[in-house]
Structure formats: C-alpha cells, structure tokens
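**Student:** okay, here's the prediction I keep looking at, along with the sequence it came from:
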Amino acid sequence: MSPLATEPAHVATPGGVLLVLAVMLPVVAVLLMLALGPRWTRRIALATLAIGLLVTIAILAELLRTGEALTYVVGGWQPPLGIALRADGTSVAMLAMTALVIAATGCFGYAQQQLDPATSHGRAPTSFWILLMAVWSALNAIFVGEDLFNLYVALELLTFAAVPLVCLDGRAETMAAALRYLMFALLGSLLYLLGTALIYGSFGTLDISLLSQASAEGPVFPVALALMIAGLLAKAALFPLHLWLPPAHAGAPASASAVLSALVIKAPFFLILRLVLDVAPPQSAAFAGQFLAVLGAASILFCSVMALRQARLKLMIAYSTVAQIGYLFIVFPLASGSETLPPWGTIAWTGGALQLISHALAKAAMFLAAGAIAEAYGHDRISDLGGFGRALPISAAAFGLAGLSLMGIPPSGGFVAKCLLLTAAVIGGHPWLAATILAGGLLAGSYVFRVVDRALATPAIPLAPRKPIPRRLELAALVLAVAAVLLGLVPLQPFAFLQIGRPDSLTAVAP
Amino acid sequence: MSLLLDLALVAWLLALALYVTSARGDRDAIVAFIAFGLLLGLGWTRIAALDVALTEAAIGGGVTGMLLLRAEAHLRKRKPGGPSKGVVGKAVTAVACVMVTVGLMLVVLAFPSPAPTLAPAAAAALPATGLGNPVTAVLLAYRALDTLLEKVVLILALIGVWSLAPDGLWGGAPRLRPALVPEPLAYLAQMLPPFGVLIAVYMCWVGADAPGGTFQAGTVLAAMWLLVMLAGLSPEPETRGKALRLTLIAGPALFVAIGFLGFAMAGGFLSYPESIAKPLIVGIEAALTLSIAATLGLLVAGPAQMASGR
C-alpha cells in the first residue's frame, strides 16, 4: 500500500493557522523569557496571556462560524508522513477552558508576587512564569494533536513543565513529592511510547483518523492500547495510581496547584478518551470502558472518604481532585452509544465534558482561594481556620460556590454534569454507577461543608490575618467559581457544540 | 561468522543487563550500564540503524552514565548505604518486567509481514527537501514540529534543574571542578577537545546526507565542554549569563523563526521553499547543535552552587 496514493486524510481549513499559534505562542514566550532574563519575564507572560486569550476567542469564533473542525497540516506534509492538527467542538471547549484557567491563575500569580516586590524577579516567580507558559503550550498541543507520536512529545513537554512546578518552594518534602510524580509520569510516558511503537509497527501510521479506519486484527492493537491507557492512567492519577497526586498537588504553590489539578491531569484523560472512542476497535473499547468505570467508581468512593479525613485544606482539595477525576472515567460505559447514536450524541458525553470543564474551573477556584487563605494566615489547618470568612469574604464565597459544583447542587456546571450522568446511568441500566454518583455527591457535600462551616464560625477570639490581603488576590478565584456556576445554564440535553466536527454516526467510524 | 558475532553480542548484552540489576554497589551498576549502552549501540549498527546507534552510544551510554555517576557521588557524600529494596519488592519488579518482555515478544512476532512502513514514502519525498539522509528529513522536515517541541522539552528540563538551586544562589554558576584535578585528566582535557570539536562539526555537517546529525554532534560537543570544565581549564559559566542564555535558545529560536517565515516563503508553518530547503535545514541543524551542546552540558553540571558574582 502506498500511503501517498490514498485520499488525503486531512484537508487544511483557513482557520487552521490559529491552532499553530495556540501551540507556538507560549513556546515563543518561553524562549523570549530565557533570552531577556528575569526583569522581562512577567511582562512577556502578561502579554502572552492577553494574545493567547485572543487566539482562543478567534478559534472559538471560527469554529462557530464554519460549523466545522479546524485543521492544519504542518509544513504541508500530509499524514501519515507528516503531522496534522485538528480542533473539533470538544477540543475547542478544552482550549477555551485552558485559556480561562491559565489567565486567572496568571492574574493570581501576578497579584501574589506584588505582595512581595523584593523577590518578584527571583527564582520561584521567574521559573513559575516560564513553566506556566510551557504548560499552556503542551496542553494546547495535546488538545489539537492528531498524531500519536506528536502527542507523546506534547505529553513530555507537559511532564517537564509540571514536575518543577510542584517543588517551586524548595522544601525537602515537596522535592520528594515532585520526584515521586516524576517517576509515575515517566513510567506512564514509557508505556505510552511502547504502545505507540507497536501501533506504528503494525499499521505504519500514527495518525488518529487513519488509524480509526484501519482494520484491527490480531493481538497487537489491544495490547498496544492497553499499554498506552495504563501509562496515561498513571499520569491522570486514577485510583489506585493516584498515590503521587495528593502530596504533589498539596505541596505546590497555590497558583501551580490550580493549574496542575484543574488542567494538567485532564490532558491524559483526554487522550484516553480519544484512544477509546476514536482509535480502539469497538470490542476493545467496550471492555476498556467497563474496566475504567470500575476504577473510576473506586476513585470516587475511596478518595472522597480520604478527602473527608484530611486535616489540611490543600490536601483535602487534592484528594477531592482524584475523586472528581473518577466521574470522568465512569462516562465510558455510559457514553458507549449505539448503532444509531454515536457516543458524542449521548447525554453522558455532554455530562462528561461538563464535568471535566466545571471541575477545572471549580478546582482552580478552590486552590486559589486556599492560596489566599494560606497567604493570610500562614497555614492551612482546617480546624484552626474558624471564622476566616469574615476576614476573607471573597475567598470564602469562591470556595463555597466552587463547592456547589463539586457536590452537584444547582445552579452549577457540576449539577448539570452529574444530573446528566445520573440520568444516563439510570436509563442505561447501571444502578451501581448511579448509586456511586449519588454517594460521591453526598461525600463531597460533607468535605465541602467542613470548610464552609469553619468559614462561617464565630470563634471567641476573632481570627486575625497576619497581613492584609488585597481584593485583587481573591478575585481570580471568585471569577473562576462564578464561571463554574454559570456553566449550569447549559440545557440538560446533548450539547450540539461538542459534536461539531465529529462524524455523524458510528457507521462512519466502525470498520 | 556474523551470526556468531551477533550471538556473542546478545549474550554479552543479557549478561550485562543481569549484572546491572544485581550488582551490589551502585557505582558498579552504573559502569556496567554505560558499557551496556555502548554495546546496545553496536547492536543497532547490526540492524543497520546507524543514526539510532550513534544516539544510543552518545546519550544512553555517555550523558546518562555521567549523570548517574554524579548523582551517585552526591548520594555517597550524604549517607553511606541507603535503604535497599526488599526481596519481595525485587521479586515483584522482576516478575512484572518478565511479563512485559514476554508479552512484547509475542506481540512483535505477531506483526504483519512484511511490516507496513513509511520508509518508501520518506525516501520518495526526499528531493523536495534537498537532503540525502531520510532520517534527517523525518526529523527536520516531515516531523519538524516534533523535533522543535522536543528541543523545548530539553530546555524545560534545564529550567527545572536550575529551579532546584537555593534562592540565594539562583543565577550563579554550577560546580563541576573537583578540589584536586588529577594530572591525567588535565592532560586529556588539553589533548582531546580539538579532535572532539572536529568530529562534532563533521557529524553535524554530514547529517544532511549520511548518518549523523544534531543530537549526536551536540552530545560530543557537550562532552568536550564538560571535560574542559571538569579539568578546571575553563570556569563554569553563570547560569544568568546573557551569552549562555542566547546560546541555549539559538537553535530553537532559529527553528521557530524559519517555521514562521514559512508562511511568507512557502505557504505554511515549518514548510521550506524547495530551492533553499537544504541550506535552511543545515542552518537550523548547526544552531541546534550548539544549543543542544549547551543544554546537555548544563544539565550534567546541575543547579547553581556558587553565588552570582554580580
């Protein structure tokens, strides 16, 4: 078979250039920051945040205008020889979520550094901005990648940007947490790369859309996919591979935790989603879906209980992340679709995407609020925070609103997401998944209420912050939490935006 | 005869691998690991993958080995004999590794024959790039985006290592030089670099048409630089230095710039106009070689350990 003789798998669209910008703009920022040194770093970062937001808005507008996916063929080299970038409705939703969270985190980081001007050109702030830009580039590359090896490179970029973020404060215990994270992430990368090599060896292509048309016989495809998914699970921190996450996410500086918990672990999940739905043959997909759902359910129950038992606020939020990630994995059997209805036409697909986005917004809001609290009191022991709501009303409000989304209480994006998933579980005959969703909501309510209760408490001696906290430091968290609430306005039905650029029915995908 | 050689090579590799995992001392294991990397490079030449062989010997044997040796030396200073894994842990690891290996063997044997490959397509498209080595065409033309992002990964690894420096020393210089430089080392550091630089330049230049290329050449350059610094003939550079930082980003920056110029010259990101494709690619390769050499050298040197002079 000559790959050149076949129809081109990807046709570049006029808006495709924007995808190149989304990936390369932060890279240019990283290079500029290195060249110009610490004094320029923050200015370059803020400019990049502004331009990157505009690029994301342009991508969104182009997608809505054309109603088709944006595609770019890099260097004009058609896959399988070259690499294509492609953004359909779901990918663009991810890009928009990423831009919003990164921008809010950037604003928080900026405000926090202004509290301490003496060190604002020092090691931690400078490294933070460089790594933040690299994380952004890597996430965008993962959300628009169409080539399994290109995605591997993007995953590596993400790992090497995320791991140093964990130990930015330089304490020995965060160093240990970062090393453990690195071990898990590298093991995951290795397994992913192994699977990619096997796929190339048996199909001669790594392009996702070409692979989805390939006929899969023999043991190679399932084994390769199993290796890749196992590797990605280690990076996504699904139970029981979550051990690295709580110390890493809790030990990082607040702005880094927000990005790590809200965005970085979503990238491997997104790739698992693409492997299972776009690449795997239907039988393997069904089996993988069942397996992932069991792990997801275990994640929800076990880590919600763990979150309830934590004494420190940031550890609690970190365990809650693993629990909320579990919801994403129970989507697989619920969104398996049918002969007439493709997976992306189901309510579970919309529910899963909403859960992913609303968790990103809510979790980033929580970590930023926790960052303001830690900045004010110098610690984050929940039991010693009685009455913090009086001194930091905005942070308390942000935490509470974000909590609504995690619990799944209306009005919030989390409510719509969990409601859709629950409906899908009941209709699809998965009573134990429905029960897990309900139990997870109750447990989330308990651990969120513990903190809200402290915020509203009136201790005998009012809790005084050790230093005044400016409003603009607290605002970023509130904006994200309000955005998570506003997501609740999405109607309770399959969301057409998420289906843009996806094939109309399963028959187009199945061999 | 060649079968006998191959069998001996395989036996040697297996024996070394077993020794690496079972050696008592960390340093013994690392030295065996370096030998393993070199032999593995020989193995790659046996299946005609010369580019991979060169990289394996340079990175797998050379740079990784040096990093491990330095890490081991640091650990040795801190605490004598750290906790070693229990028998159960070792057994579980061994069983898992054997399972993965056997599984891989079965899967690889199940590959379709002849295996589907893009090699003919990669060779057929060569004229458009003006290159003679399809591996270089894959790295710098067909999949230039991968290579570009991979170079950014390398720089990020360095940023990560630098961020481990204590706040007060950040921006200062790493320390490589031992308190007392052995006489033979100083002699070697004076004799070897001219040859090393020549080899690196040759490898970079020949990479366009024959096996060789930026990573291998960059590694050789880095090794020469490290040798000179280790012998104390040249001071370790301050990590905040302007010239150093410009060298670090020169390759990726030129790559990105030519990539964006592709919009004006050839109608797209990272496309080269056919008439000047080869000079552009060789230019990118030369700049990348310098940047890779600087990055690898500084990665081995580690975070700053001496306060900045200014």
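**Tutor:** Noted; the coordinates are in hand. Numbering: from 1, shown residues only, chains lettered A, B, ... in the order given.

**Student:** where does the chain have low pLDDT?
**Tutor:** Picked chain A for this. The model of chain A has pLDDT under 70 over residues A:1-7, A:216, A:492-493, A:504-511.

**Student:** hm, I was asking about chain B
**Tutor:** Ranges of chain B meeting pLDDT under 70: B:1, B:79-85, B:310.

**Student:** mind giving me the domain split of it?
**Tutor:** Domains of chain B are assigned by automatic domain parsing as B:1-84, B:117-310.

**Student:** quick check: which of those is nearest to A:Val485?
**Tutor:** Smallest distance to A:Val485 across these (CB to CB): 35.2 Å, for domain B:117-310. Using the backbone N, CA and C atoms, a C-beta is placed for each residue, glycine as well.

**Student:** mean neighbour count, the domains of chain B: which tops it?
**Tutor:** Burial of those is given as mean neighbour count (mean count of other CB atoms under 10 Å in any protein chain shown); domain B:117-310 ranks first at a mean of 19.

**Student:** enumerate the residues of the stretch 1-150 of chain B near chain A.
**Tutor:** Where proximity means CB under 8 Å from any CB of the partner chain, the interface of the stretch 1-150 of chain B facing chain A comprises B:103-104, B:106-108, B:110-112, B:115-118, B:120-122, B:124-125, B:141-146, B:148-150.

**Student:** excluding residues flanking it in the chain, which one is nearest A:Ala29?
**Tutor:** Of all residues not flanking A:Ala29 in the chain, A:Thr48 sits nearest, at 4.1 Å (CB to CB, 6 or more residues apart in numbering or on different chains).

**Student:** let me know the helix or strand that that neighbour is in.
**Tutor:** Element membership for A:Thr48, per DSSP states H and E: helix A:38-66.

**Student:** quick one: buried residues of that helix?
**Tutor:** A:38, A:41-42, A:44-45, A:48-49, A:52, A:55-56, A:59-60, A:62-63 (16 or more other CB atoms under 10 Å in any protein chain shown).

**Student:** for those residues, which one is nearest chain B?
**Tutor:** If you rank those by distance to chain B using CB to the nearest CB, A:Pro38 comes first, at 8.0 Å.

**Student:** nearest to chain A: which residue in the stretch 51-200 of chain B?
**Tutor:** B:Pro116 (2.9 Å).

**Student:** is it true that that residue lies in a helix?
**Tutor:** No - using DSSP: H, G, I helix; E, B strand; the rest coil, the assignment for B:Pro116 is coil, not a helix.

**Student:** got the contact list for it?
**Tutor:** A:Met1, A:Ser202, A:Phe203, A:Gly204, A:Thr205 (CB atoms under 8 Å, 6 or more residues apart in numbering or on different chains).

**Student:** next one: phi and psi at it?
**Tutor:** phi -60, psi 140 (degrees, to the nearest 10).

**Student:** spit out the contact partners of the residue most central in space within chain B.
**Tutor:** Nearest to the mean C-alpha position of chain B, counting by CA atoms, centre = their mean, stands B:Ile59 at 3.7 Å. Neighbour list for B:Ile59: B:Phe215, B:Thr219 [criterion: CB under 8 Å, 6+ apart].

**Student:** narrow the residues of the stretch 1-150 of chain B next to chain A to those in helices?
**Tutor:** Judged by DSSP state H, the residues of the stretch 1-150 of chain B next to chain A include B:103-104, B:106-108, B:120-122, B:124, B:144-146, B:148-150 as members of helices.

**Student:** closest to A:Leu139 out of those?
**Tutor:** For those, the nearest to A:Leu139 is B:Leu149 (12.7 Å; CB to CB).

**Student:** which ones are touching that closest one?
**Tutor:** A:Val27, A:Ala141, A:Asn150, A:Val153, A:Ala154, A:Leu157.

**Student:** which secondary structure element contains the third one?
**Tutor:** Secondary-structure element containing A:Asn150, defined by DSSP H and E: helix A:148-166.

**Student:** still on that earlier bit, next, the residue nearest to the centre of chain B: secondary structure please.
**Tutor:** helix.
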